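K.L.:
Return a 3D structure for these sequence lines:
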Amino acid sequence: MELWTEYEGRTIDGAFPLTKLIRPEGRSAFFSTSNGVGGPTVIRLIESHFDDEEILVRWRGIQALNHPNLVNLIQFGRVMLDETSLVYAVMEPVDANMAEIVAERRLTVQETRQVATSLASALEALHTNGFVHEHIEPANVLAVGEAIKLRSDCIRETPEGQEGSELKRKDAHDFAVVLLQALTQKKTLEEVKRELPLDAPFDQMIKKGISGEWGIPEMVRALRPDTEIRVEARPVAVSEPRPERVAETPVELPTYPTNRVRVAEEKSGGIEGRRLAIGVGAMVLLLLIALFLHGRWSKSGGAVQANAVVPAIATEASDSAPAPALETPSPEAGAAGVAAAASAPAVAVPEASVPAPARVGTGQWRVVAFTYNREAQAQQKVESLRAMHPDLRPEVFTPSGHSPFLVVVGGTMSRDEAFAFARKGRAEGLPHDSYAQNYRR
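P.N.:
Now for the predicted structure:
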């Protein structure tokens, strides 16, 4: 959506007025608002495309971490505006960001040390608890009172395998570049060759972080001798947030132990009898289920209908592949099919036949670059994209037959092709939050 200004003056959840549009960012936008008690702050709106629950789960994870160096999310949730489904997050008020400062002057070594220890603490906690940041830059390094905090509304789950490892290295690389900018106001080592070596431990942290030789754990260890930092980040149970802890001098990165539920031991007396009763009950239940399935199979002539499948979705924020649809035995399966059906768990089956959806990777994935409430606006964007980037093959697509109207590029493709094409599009100037999604019909 590009006309985010249409929402200025509206109120979210009866408490957060959208005072003024600060900036749009793809399918999201930032507005000035109040923090619910009159203080100025920022609210982010994201147009949801079947992934609203995934986004809210990530924000619950940030809330549960309750980390002193991650910006606190005061409130978040779902809302409908003009028949458009949105999710929103209200951030705690901030005083300044690092980009504003380095545009005017360099940070001192002591100021850079505070930035380094704060970001190292936040990134260690994120990586340990299964998140990556991907947006580490001076504009997202924020001053909140005396604390330095990292923007937290843009994190996502760490993908498995090689991709997850690469994203963690990217976080370390970007962290090193932020430190370089803090000390020199430059983004590359080539630009500061005459100023090398930098003060310890930043010289090694920056060089090896940018080269990829060091990750976040190595950079944290490099900070220890000078700042007496102790780091022991452990997994956190997302369901139970902890109170905020403020760093003191010398700075100590907080630990986040896993909550464990202590289960009281049951007395041995009565357990055997209970197990016997459960076993007998289970045998009776299995017998009834087998008789029921046999009767249903006989009446239907061996045909089993598949349940309707909710479209599986993956975005840039979460690119895990959706589970494939369950297959059902064909009438020609004969005795083998009957035996397989009898051994399978009982499921409720509708009477009407539902067409089987396409499998993941069979050409139903699309790359979404822009969204609009009006089809004419979407078509206008398609025409401008075709003029500048004909190789992207933009077109208007709507999965529901009505608003929202999506501007997609590259046509339909497999999952891997879609994520590769999204990266290609971003490299050619598409919004950095363009994403891939599976629209199975």
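
K.L.:
Might you list the low-confidence residue ranges for the chain?
P.N.:
Applying pLDDT under 70 to the chain picks out residues 1-2, 38, 225-282, 284-363, 373, 440-441.

K.L.:
Can you list the residue ranges for helices in it?
P.N.:
52-65, 98-102, 109-128, 161-184, 202-211, 216-227, 271-300, 334-343, 375-388, 415-427 (DSSP state H).

K.L.:
Let's have the ones you listed in JSON lines, adding mean neighbour count and distance to Ser85.
P.N.:
No exception for glycine: its C-beta is placed from N, CA and C like everyone else's. JSON lines is the format used below for those (neighbours: other Cβ atoms under 10 Å; distance: least, Cβ to Cβ, whole Å):
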{"stretch": "helix 52-65", "mean neighbour count": "18", "distance to Ser85": "7"}
{"stretch": "helix 98-102", "mean neighbour count": "17", "distance to Ser85": "32"}
{"stretch": "helix 109-128", "mean neighbour count": "22", "distance to Ser85": "28"}
{"stretch": "helix 161-184", "mean neighbour count": "19", "distance to Ser85": "28"}
{"stretch": "helix 202-211", "mean neighbour count": "20", "distance to Ser85": "40"}
{"stretch": "helix 216-227", "mean neighbour count": "18", "distance to Ser85": "35"}
{"stretch": "helix 271-300", "mean neighbour count": "11", "distance to Ser85": "39"}
{"stretch": "helix 334-343", "mean neighbour count": "12", "distance to Ser85": "39"}
{"stretch": "helix 375-388", "mean neighbour count": "15", "distance to Ser85": "17"}
{"stretch": "helix 415-427", "mean neighbour count": "18", "distance to Ser85": "22"}
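
K.L.:
Take those helices and write them to JSON lines, including distance to Gly401.
P.N.:
Output for the helices of the chain, formatted as JSON lines (distance: least, Cβ to Cβ, whole Å):
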{"stretch": "helix 52-65", "distance to Gly401": "20"}
{"stretch": "helix 98-102", "distance to Gly401": "43"}
{"stretch": "helix 109-128", "distance to Gly401": "40"}
{"stretch": "helix 161-184", "distance to Gly401": "34"}
{"stretch": "helix 202-211", "distance to Gly401": "49"}
{"stretch": "helix 216-227", "distance to Gly401": "46"}
{"stretch": "helix 271-300", "distance to Gly401": "33"}
{"stretch": "helix 334-343", "distance to Gly401": "36"}
{"stretch": "helix 375-388", "distance to Gly401": "11"}
{"stretch": "helix 415-427", "distance to Gly401": "22"}
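
K.L.:
closest to Leu142 out of those helices?
P.N.:
helix 98-102 (7.6 Å; Cβ to Cβ).

K.L.:
Which neighbouring elements make contact with the closest one?
P.N.:
Helix 98-102 sits against strand 141-144, helix 161-184, with contacts defined as 3 or more Cβ pairs under 8 Å, 6 or more residues apart in numbering; DSSP states H and E.

K.L.:
Quick one: residues in contact with that helix.
P.N.:
Leu107, Val115, Glu137, Pro138, Ala139, Val141, Leu142, Ala143, Val178, Gln181, Ala182, Gln185 (Cβ atoms under 8 Å, 6 or more residues apart in numbering).

K.L.:
In the sheet, which residues pair with the spatially closest residue to Ser28 that is not a sequence neighbour? Tell me.
P.N.:
The shortest distance from Ser28 to any non-neighbouring residue, by Cβ to Cβ, 6 or more residues apart in numbering, is to Ile46 (4.2 Å). Beta-bridge pairing for Ile46 (DSSP bridges): Ser28, Val87.

K.L.:
what separates Ile46 from Leu70, distance-wise?
P.N.:
18 Å (Cβ to Cβ, to the nearest Å).

K.L.:
just Leu81 next, same as before
P.N.:
From Leu81 to Leu70 the distance is 28 Å (Cβ to Cβ).

K.L.:
Could you do Glu25 as well?
P.N.:
Here Glu25 is placed at a distance of 19 Å from Leu70 (Cβ to Cβ).

K.L.:
returning to that earlier point: can you pull the contacts of the residue nearest to Ser28?
P.N.:
Arg27, Ser28, Ile55, Leu86, Val87, Tyr88.

K.L.:
and the gap between it and Glu25?
P.N.:
From Ile46 to Glu25 the distance is 9 Å (Cβ to Cβ).

K.L.:
Also Asn140?
P.N.:
Separation of Asn140 from Glu25 (Cβ to Cβ) stands at 12 Å.

K.L.:
what about the two, which has more around it?
P.N.:
Asn140 (21 against 15; other Cβ atoms under 10 Å).

K.L.:
Touching, that one and Asn97? I think so.
P.N.:
Yes - using Cβ atoms under 8 Å, Asn140 is in contact with Asn97, at 7.2 Å.

K.L.:
Do I have it right that Lys208 meets Trp214?
P.N.:
Yes - counting by Cβ under 8 Å, Lys208 touches Trp214, with 3.9 Å between them.
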